[in-house]
Structures are given as structure tokens and as C-alpha cells.
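Novice: Pasting a predicted model and its sequence here:
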Amino acid sequence: MNLQESPTWLGSANLQVDSKGRLRHFLSIEGLNRRIITEILDTAESFALLPEQSVKKVPLLRGKTIANLFFEASTRTRTTFELAAKRLSADVLTINVPTSSATKGESLLDTLRNLEAMHIDMFVVRHAQSGAAHFIASHVAPHVSIVNGGDGRHAHPTQALLDMFTIRRHKPDFPALIVAIVGDVVHSRVARSQIQALSLLGVGEIRVVAPRTLLPSHIEDMGVRVFHNLQQGLKDVDVIMTLRLQRERMESAMLPSGLEFFQIYGLTPEKLAIAKPDALVMHPGPINRGVEMSSEVADGPQSVILQQVTHGIAVRMAVMSLCLGSRAYGRERLADEGLSVRGGDNRHGLRQTYSYSGWTSC
């Protein structure tokens, strides 16, 4: 299977929604509109109330089976997907890929067909190759949904939306915000999805701050301002989204050392003070303390990193319920279960798509 030569995974806009404009797969932010993104965030608001209840489950996906198919290591993403599915009352199957038939030479499609034969309703897929989730979505049976848990450098859409959800809870006026994304942008599927989501939600200014070796070429085409100096990039910023240095994806020449990176681009209390006094500090995890940020910042009062983890469950519940549950129950069922969907009607869902080859190659 050569994903880069397959055109099927590029058509995410058609794959992700059905003929009525409802979410069928969740593969990337690209190709979706503001209405769908807002609906996911509004639905997540309802699910965020569940931890306060004595019974932390709703029966929206009772009788459905969801399989986590992770070809890459993961802790937060895999665990929150499992919890999200269980809180929706779905049956959950987690495939241990290192001990599966994939190690014996079974192709991705053969693995898919065998699992489909077990009547799986949804696959949550993480894969090292860009486009893997799109490739699978283009080959599954009509009743099966695919959620992208991260594919190569291409996309990590649920991470981007849990970040948007976290920002919205603290600073709901997106057009008034200045957001800075700091760190290893070129290797980051999270950064690409974050930029697309921030753009869809109308953020006033999006900045990327990184050394030239950690920025993809032509990133300005995505509507961002580029800074190579951290102090300049943080001035008057409302939200700082730091990224993990992905050493497993980079060549040694790209970065002299983690210590040198921290000295120039690492977030410390002194550098944080350049941003607005109430600026939020975010990180998708896992954090490399003393490289991307100091412990004082990671554990400080402006950090919302653990809130991101908590919100990940609600956002992934929303994605799963809208992909599967909405077809069976609709939004009315949420109200029947005592979960009010908050948020107003948004009539400004303009389709925005981005294509940048530097991020879609492995």
C-alpha cells in the first residue's frame, strides 16, 4: 500500500460527511466547516458535565462496537478514546498491534476486513503514515465510521478540537485572540490541525514561532505570521500552544541539542511574562520538561495542560456520538438523556480547505 500515490485519501471533504451534511467520519479539520466544528464543541459541553454525575455514562452508543487500532505508541489519546467510548456505553476493543497479525505480514486492508467481519461499527486509527485514516475510510463498509487518532505528519483533528474546547471555556471570543504556536511545527500533525481549526473559528491572529529548520516552507500560505524570535512572537499573545520536539521524526542536523532549544525557545516564567498576564499555556503532551518549557510554567497557574486531557474525553465523546449516535438518535436523544446541547446557531460555516504537501508526506 502506497498512501502517497493513492488519491482517495485526499478527498476528505466528501468522505467525512454524508449526503445530508452530517458527520460520518472524522479524518481532519480540512474540508469541514464552522457549523460542524461548532456542533462538536457544543455537544462536548454537554458531555463535560458527566463527571459531576453519580453515573458517568449515557446509553447513546449502547450496542455499538468501537475498535481502537493504534499502530503507534500512545497513552493520552488511546486512553481518552477508550474512556469516551465506554462513557457512551459502547463495547470497546483495543487491538494490540505489536502482537497482531500485522507483524506477520498482514496488510492494513486485510486487518480491516477481518475486523469488519466481527461487526465493528467504528475504528479509531493511529498510524505512522500520513493518509492512513483516509485510506481506510475510503475502503470500509457504508455503516462503519473512521476517526483519525493521528496519522504521520498530516492531522490530529481530535487534539485540535480539544484544544479549541479548552480555549473556548476560558476565552470564548475567538476573533479577539492572538494565538502563538511554538516549537517543532514541521513534524507536527497537531500544529497543522490547530491552524486549520483556529482559522475556521475566526481567530484574529495566528503566529508560529520556531527556528527555520523546524518550520515547513510556505507555511505563510496557511494565513499565519512567522516569528523566529520567541520574545517577539509572544508579545501580547492570549494563548501559547507549545509543541513537543519530535526527535523520532527529525534528523540530527535540525537541532543541535535540547538544551540549546530550551535556552532560545523554551517557555520560562520570564518569557511567559512577555505575553498577556492571563495568557493560557497549552501543550498536547507528553511534555519534555526543560526542553519545551520549564516545570514552573508547566505546573503554574496559567497552565491548562491537564484541563486539555480532561476535555479530550468530552470532545471525543462528541465526535463518536455525532459519527454514530446522530444517525441512530439525533440531537433530540441527547436532550432525552438530560444532556442539553449548548451554543447558538452558527450561520457562518464557510468551507475552508488547506493543502500543504510538506505536512502530508512521511
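Specialist: Happy to help now that I have it.
Novice: what comes up buried for the helix or strand hosting residue 320?
Specialist: Element membership for residue 320, per DSSP states H and E: helix 305-320. Buried residues in helix 305-320, defined by neighbour count with 16 or more other Cβ atoms under 10 Å: 305, 307-309, 311-320. Using the backbone N, CA and C atoms, a C-beta is placed for each residue, glycine as well.
Novice: try stretch 273-280
Specialist: 274, 275, 276, 279, 280.
Novice: Not counting sequence-adjacent ones, nearest residue to the third one?
Specialist: Put plainly, it is residue 276. Distances taken as Cβ to Cβ, 6 or more residues apart in numbering place residue 238 nearest to residue 276, at 5.7 Å, with adjacent residues excluded.
Novice: Which helix or strand in this protein has the lowest average pLDDT?
Specialist: helix 357-360 (a mean of 38; mean pLDDT, DSSP states H and E).
Novice: Pull out the buried residues from stretch 74-92.
Specialist: Those would be 77-78, 80-88, 90, 92, for stretch 74-92 by 16+ other Cβ under 10 Å.
Novice: from these, which is closest to residue 210?
Specialist: Nearest to residue 210 among the buried residues of stretch 74-92 is residue 77, at 23.2 Å by Cβ to Cβ.
Novice: that older thread, from the buried residues of stretch 273-280, which is closest to residue 124?
Specialist: Set against residue 124, the nearest of those by Cβ to Cβ is residue 280 (27.4 Å).
Novice: And the closest one, how far from residue 168?
Specialist: Between residue 280 and residue 168 the computed distance is 11 Å (Cβ to Cβ, to the nearest Å).
Novice: So, low pLDDT: which residues of the stretch 201-350 of the chain?
Specialist: Along the stretch 201-350 of the chain, segments meeting pLDDT under 70 span 247-256, 326-350.
Novice: could you redo the last one with a cut-off of 90?
Specialist: 246-260, 325-350 (pLDDT under 90).
Novice: Can you show me the helices along it?
Specialist: With DSSP state H, counting those that start in this stretch, the ranges of helices along the stretch 201-350 of the chain come out as 230-234, 258-265, 269-272, 295-298, 305-320, 326-328, 331-336.
Novice: tell me which strands and helices the third one is in contact with?
Specialist: Under the contact definition 3 or more Cβ pairs under 8 Å, 6 or more residues apart in numbering; DSSP states H and E, helix 269-272 sits against helix 230-234, helix 295-298.
Novice: What are the buried residues along it?
Specialist: 271, 272.
Novice: tell me the centre residue of the protein?
Specialist: The chain has residue 159 as the residue nearest its centroid, 2.3 Å off, counting by Cα atoms, centre = their mean.
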